[in-house]
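[1] turn this into a model:
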Amino acid sequence: MNERVEEACEAILEQKNRGSEMDVSQVIQYLGSHAYSKMECIIAVTKLFALRLPEAKEIVHSSPTFAYRKEADEATQAIFIEGIQKVAKLHEPLSVQLLLEIWEGEPVPEFSGRVSLIGEASELKPNEIVNDQFLVLEIPTALVSAPVFIVILPDGGMISILRPDGSFVHELSDLEDFDCAAARLNLSASEIRRMQVAAYAKAMAGTDQDLDSAWVEAGLESLRKMYDEEEKV
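    Alright, predicted model coming up:
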């Protein structure tokens, strides 16, 4: 407890000893009128009324004294919680499905298994979208003059194209649509996968990107599943 709050609590307790006891709403009003912050009021209330922090926080938050900032505080808290949840999801094993929960997207017309990421995601590089959990390969193609990047995920993949302004077009595809997405750019999906396997092998040997071996194994497993699917066709 800081010295300022300690002094306020002592003054309030002294008033109580003199027979002028205040209830919790009066204490909050008193502190607010003396330019104490919302956090300082919460700390003081926990001490003076032997309340747990969550209880004190709710009482102060709902009090008439701080009604003027209730809506703004709730909006800030919602943004903070959303940010924490997004960070938490980014540290889960990634998949196309999970990326669609993290980032905003819209369906690509005429392709049922394809979604284009929009909003803040378009300002991020491919490795930032997948949180460096999978290798990002730059693939040469004669049909597109801009750099094209490929990421293979356990349940599909992502193709990213760099725009002239530095932003990206990120398209996520499920397993069924990924080959079609690659073919649209005149890319061979099987060749992409061979390059991906080589890149993962290189990473495991410690000669390329410094990746956690667990993510490397996850990437290799996704590639093995794709090869198995190809052999069944």
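[2] hey, let's count contacts and neighbours off CA atoms from now on
    Fine.
[3] three-state assignment of M22?
    Here M22 is recorded as coil under DSSP: H, G, I helix; E, B strand; the rest coil.
[4] one more: I12?
    helix.
[5] pLDDT at it, what is it?
    pLDDT, the model's per-residue confidence, is 83 for I12.
[6] do the one 4 residues further on as well
    The model reports K16 with a pLDDT of 76.
[7] what does T207 give?
    For T207, the predicted pLDDT is 45.
[8] just D174 next, same as before
    D174 is given a pLDDT of 85.
[9] OK, contacts around the closest residue in space to it that isn't next to it in sequence?
    Excluding the flanking residues, the one nearest D174 by Cα to Cα, 6 or more residues apart in numbering is G156, at 4.1 Å. Residues near G156 by Cα atoms under 8 Å, 6 or more residues apart in numbering: S95, V96, L172, S173, D174, L175, E176, D177, F178.
[10] again, only this time at 10 Å
    Neighbouring residues of G156 by Cα atoms under 10 Å, 6 or more residues apart in numbering: 95-97, 113-114, 172-179, 222-223, 226.
[11] how close does it get to G113?
    10 Å (Cα to Cα, to the nearest Å).
[12] quick one: common contacting residues for those two?
    Going by Cα under 10 Å, 6+ apart, residues that sit against G156 and also against G113 are L172, S173, D174, L175, E176, D177, F178.
[13] so the first one bridges to which residues?
    It refers to L172. Going by DSSP bridges, L172 is paired in beta bridges with V115, M158.
[14] ok, it touching D179?
    No: the pair L172 and D179 fails to qualify as a contact (Cα atoms under 10 Å) at a distance of 11.8 Å.
[15] higher neighbour count, those two?
    Using other Cα atoms under 10 Å, the more surrounded residue of L172 and D179 is L172, with 29 against 17.
[16] check contacts around the more buried one.
    95-97, 99-100, 105, 107-108, 113-117, 151-153, 156-160, 178, 181.
[17] in strands, which of these fall?
    105, 107, 114-117, 151-153, 156-160 (DSSP state E).
[18] on the three-state scheme, C9 is what?
    Per three-state DSSP, C9 ends up helix.
[19] grab the nearest non-local neighbour of it.
    A44 (6.3 Å).
[20] hmm, back to that, any residues in contact with both of L172 and D179?
    G156, G157.
[21] before we move on, back to that, between the ones in strands among the contacts of L172, which sits nearest I59?
    Of all the ones in strands among the contacts of L172, I59 sits closest to G105, with 39.1 Å by Cα to Cα.
[22] can you tell me which residues contact the residue nearest to that closest one when sequence neighbours are not counted?
    Excluding its sequence neighbours, the residue lying closest to G105 (Cα to Cα, 6+ apart) is L117, at 4.1 Å. Shown in contact with L117 (Cα under 10 Å, 6+ apart): 99-100, 103-108, 129, 160, 168-172.
[23] tell me the mean pLDDT for stretch 36-49?
    On average, stretch 36-49 scores 86.
[24] report the distance from that stretch to the chain centre.
    The chain centre lies 32 Å from the centre of stretch 36-49; the measure is Cα atoms, centre = their mean, to the nearest Å.
[25] likewise stretch 99-106?
    11 Å.
[26] start to end distance for stretch 95-107?
    Note: stretch 95-107 ends 17 Å apart using Cα to Cα.
[27] return the set of buried residues in it.
    Neighbour-count burial for stretch 95-107 flags S95, V96, L99, I102, W103, G105 (criterion: 16 or more other Cα atoms under 10 Å).
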